[in-house]
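> Sequence and predicted structure below; questions after.
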There are 2 protein chains.
Amino acid sequence: MSEAPRFELFAFWRTSATYRVRVALNLKGIAAEERIVDIDANEQRGAAFLAINPLGAIPALIDRGAGQSRAPLTQSLAILEFLDEEYPEPALLPPDPHGRARVRAIAAMLAGDTHPLITPRVRKYLTGTGGFDDAAWRAWQIHWFTTGLQAVEHRLVSEAETRGFCHGDAVTLADICLASIIAVMRIFRIEIPGIPTIERIMRDCEAHPAFAKADPMIQVGAPR
Amino acid sequence: MSEAPRFELFAFWRTSATYRVRVALNLKGIAAEERIVDIDANEQRGAAFLAINPLGAIPALIDRGAGQSRAPLTQSLAILEFLDEEYPEPALLPPDPHGRARVRAIAAMLAGDTHPLITPRVRKYLTGTGGFDDAAWRAWQIHWFTTGLQAVEHRLVSEAETRGFCHGDAVTLADICLASIIAVMRIFRIEIPGIPTIERIMRDCEAHPAFAKADPMIQVGAPR
């Protein structure tokens, strides 16, 4: 009999932030028990989950190795940095400070500047209070995906550090964030023109087992 | 005569992200030459600035010590992590991985979940394409400031790591991000109820010279 894994991951099949954590766990070969929190049924706001994470946010990662009184780890980028500190191989950040800053900046352009604008809570506000109909919401999504991805494309094309992946020839935080945005766009059937470098990098990511295993469409809870 | 400082900071008096970088530079005693990019006059989209940073984003930090071909550092949190790696004292992150994850998560709740929703580019979309009038924009701002700050308050109140500052008794990334949101709210004359812990921490931050010197209202370009 094998021991219970160190981590417990509260997750949902579709969310971009959960995807990022799954890819990082897969890359580093870290086992985690997954617990599904059904966002479509608003379970993240239910009493059962709020007892675990009072913030009602997923992904949430519980470190069972760290004693029982600790709050779960939250926020995908903070979780990825934590995993990279605890399990340094393979590294998700390059060794030099300028390279690390570049990777973190690209990750922030995606997970920070782009993703927060297209989350379910923003949809709820805009289609409720904001008076957006479905077409206006879709135009909003397309606008921010386009803005964010074309800015990243511009950066990738114009900077010499871009190679097989966003930074050099190994997967970093930047590729994980990029793939997490593209994965959500696929679910919403949104395509953006003018991003050939991103498309090239995504082909290599999608062929990588750590990304393939994190594909939202094959997770528990995904539509058939 | 003194040498030119290592860094050049492209900045604007009012922006939350610029404020974060100013506080970190002040805390660590790092000199930077400031160049004003007037967002109200759309200078970030002008040819002069795009030649420096093709992304048209501020803050942008140029490291003159690193050779001329490097792209400027962008994204405030990536810049803060860079400064913390290059100038470790005083540290902006605690030494233990769980503490670092907590600080980065609180920072991300503010700089990642909250701030991107109230930026000028979102205002432009909502008041243009989105059909929001001034009252609707203000209600939107208040909604997201309230959501973000009350979630952080909940976390600060319920977790034992909160002490004089958000994490322990020294300033971290979390306090810098918190102060950056509060500073912008003050400019917009927005007040949020139910955040006594945040208000207590902010009083100590504002009394700290590194924060006081970064006050948007005393920067070049601020209204008198």
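Nice, thanks for sending it over.
> who touches the helix or strand of chain A with the lowest mean pLDDT?
In chain A, the helix or strand scored least confidently by mean pLDDT, DSSP states H and E is helix A:47-52, which has a mean of 87. If you take CB atoms under 8 Å, 6 or more residues apart in numbering or on different chains as the criterion, helix A:47-52 is touched by A:Phe10, A:Val37, A:Glu43, A:Gly56, A:Ala60, A:Ile62, A:Pro72. C-beta coordinates here come from the backbone N, C-alpha and C atoms, glycine included.
> Just give me the closest of the residues you listed to A:Ala139.
A:Gly56 (28.5 Å; CB to CB).
> Could you tell me which residues make contact with the residue nearest to the closest one when sequence neighbours are not counted?
Leaving aside its sequence neighbours, A:Gly56 sits nearest to A:Gln44 (CB to CB, 6 or more residues apart in numbering or on different chains; 4.7 Å). By CB under 8 Å, 6+ apart, the contact list for A:Gln44 reads A:Val37, A:Gly56, A:Ala57, A:Ile58.
> Quick check: phi and psi at A:Phe10.
When read as degrees, to the nearest 10, the backbone of A:Phe10 gives phi -90, psi 120.
> my bad, A:Asp113
Phi and psi for A:Asp113, reported as degrees, to the nearest 10, are phi -80, psi -30.
> next one: A:Glu34
As for A:Glu34, its main-chain torsions (degrees, to the nearest 10) stand at phi -90, psi 140.
> Please verify my assumption that it contacts A:Trp13.
No. Between A:Glu34 and A:Trp13 there is no contact, the gap being 9.9 Å when judged by CB atoms under 8 Å.
> who touches both of those two?
A:Val220.
> my guess is A:Ser16 meets A:Val184, correct?
Yes. Counting by CB under 8 Å, A:Ser16 does reach A:Val184; the two are 4.7 Å apart.
> before we move on, back to that, so which of the contacts of A:Gln44 wins on neighbours?
For these, the largest neighbour count, defined by other CB atoms under 10 Å in any protein chain shown, is 27 neighbours, found at A:Val37.
> what ranges do the strands span in chain A?
Under the criterion DSSP state E, chain A carries strands at the ranges A:7-11, A:32-36, A:60-63, A:73-74.
> thinking again about what came up before, now the contacts of A:Gln44 in TSV, with pLDDT and distance to A:Leu156?
Shown next, in TSV, are the contacts of A:Gln44 (pLDDT from 0 to 100; distance: CB to CB, whole Å):
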residue	pLDDT	distance to A:Leu156
A:Val37	94	34
A:Gly56	84	35
A:Ala57	85	30
A:Ile58	91	29
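> buried sites along the longest helix that chain A contains?
Longest helix of chain A, by residue count under DSSP state H: helix A:134-158. Neighbour-count burial for helix A:134-158 flags A:136-137, A:140-149, A:151-156 (criterion: 16 or more other CB atoms under 10 Å in any protein chain shown).
> Break chain A down into its structural domains.
A:7-90, A:97-212 (automatic domain parsing).
> Mind putting those domains into a markdown table with distance to B:Arg102?
Listed next are the domains of chain A as a markdown table, based on distance: least, CB to CB, whole Å:
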| stretch | distance to B:Arg102 |
| --- | --- |
| domain A:7-90 | 7 |
| domain A:97-212 | 18 |
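> give me the low-pLDDT residue ranges for chain A?
Applying pLDDT under 70 to chain A flags the ranges A:1-2, A:66-69.
> any idea where the helices of it begin and end?
Under DSSP H, chain A gives helices at A:16-28, A:47-52, A:76-86, A:97-111, A:120-127, A:134-158, A:173-187, A:196-207, A:209-212.
> Of the ones you listed, which is nearest B:Ile218?
Closest of those to B:Ile218 is helix A:97-111, at 27.5 Å (criterion: CB to CB).
> any residue of that closest one up close to chain B?
Yes. Contact of helix A:97-111 with chain B (CB under 8 Å from any CB of the partner chain) involves A:Pro97, A:His98, A:Arg100, A:Ala101, A:Arg102, A:Arg104, A:Ala105, A:Ala107, A:Ala108, A:Met109, A:Ala111.
> Out of those residues, who's the most crowded?
Ranking those using other CB under 10 Å puts A:Ala107 first, with 30 neighbours.
> Give me the distance between that residue and B:Thr74.
Applying CB to CB, to the nearest Å, the value for A:Ala107 to B:Thr74 is 12 Å.
> before we move on, what about A:Thr129?
32 Å.
> do the same with A:Thr18
The value you get for A:Thr18 to B:Thr74, if CB to CB is used, is 27 Å.
> repeat for A:Ala136
For A:Ala136, the distance to B:Thr74 equals 30 Å [CB to CB].
> still on that earlier bit, pick out the most distant pair among the contacts of helix A:47-52.
Distance extremes for these: the farthest pair is A:Glu43 and A:Ile62 at 16.4 Å, using CB to CB.
> who are the neighbours in contact with A:Thr127?
With contact set as CB under 8 Å, 6+ apart, A:Thr127 has these partners: A:Asp133, A:Asp134, A:Trp137.
> what about 10 Å?
Residues near A:Thr127 by CB atoms under 10 Å, 6 or more residues apart in numbering or on different chains: A:Asp133, A:Asp134, A:Ala136, A:Trp137, A:Trp140.
> for A:Phe165, same thing?
A:Phe165 neighbours (CB under 10 Å, 6+ apart): A:Val103, A:Leu156, A:Val171, A:Thr172, A:Ala174, A:Asp175, A:Leu178, A:Arg200, A:Ile201, A:Asp204, A:Cys205, A:His208.
> Selection in ChimeraX covering whichever of those are buried, please.
Here is the ChimeraX command that selects the buried residues among the contacts of A:Phe165 (16+ other CB under 10 Å):
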select /A:103,156,171,172,174,175,178,201,205,208
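> Can you tell me which of the contacts of A:Phe165 lies closest to B:Ala160?
A:Val103 (32.6 Å).
> Does that closest one touch A:Glu159 like I think?
No. Using CB atoms under 10 Å, A:Val103 is not in contact with A:Glu159, being 11.4 Å away.
> And A:His143, how close does it get to A:Thr172?
Between A:His143 and A:Thr172 the distance is 27 Å, computed by CB to CB.
> ok, back up a step: quick one, which of the helices of chain A gets closest to B:Glu89.
Using CB to CB, the nearest of these to B:Glu89 is helix A:97-111, at 15.5 Å.
> what's the offset of stretch A:202-216 from the middle of its chain?
Remark: stretch A:202-216 is offset 13 Å from the chain centroid, using CA atoms, centre = their mean, to the nearest Å.
> Name the surrounding residues that touch that stretch.
For stretch A:202-216, using CB under 10 Å, 6+ apart, the contacting residues are A:12-16, A:18-29, A:90, A:164-166, A:169, A:171, A:175-176, A:178-184, A:186-187, A:195, A:218-219, A:222.
> now with 6 Å?
A:Trp13, A:Arg14, A:Tyr19, A:Arg22, A:Val23, A:Asn26, A:Leu27, A:Asp175, A:Ala179, A:Ile182, A:Ala183 (CB atoms under 6 Å, 6 or more residues apart in numbering or on different chains).
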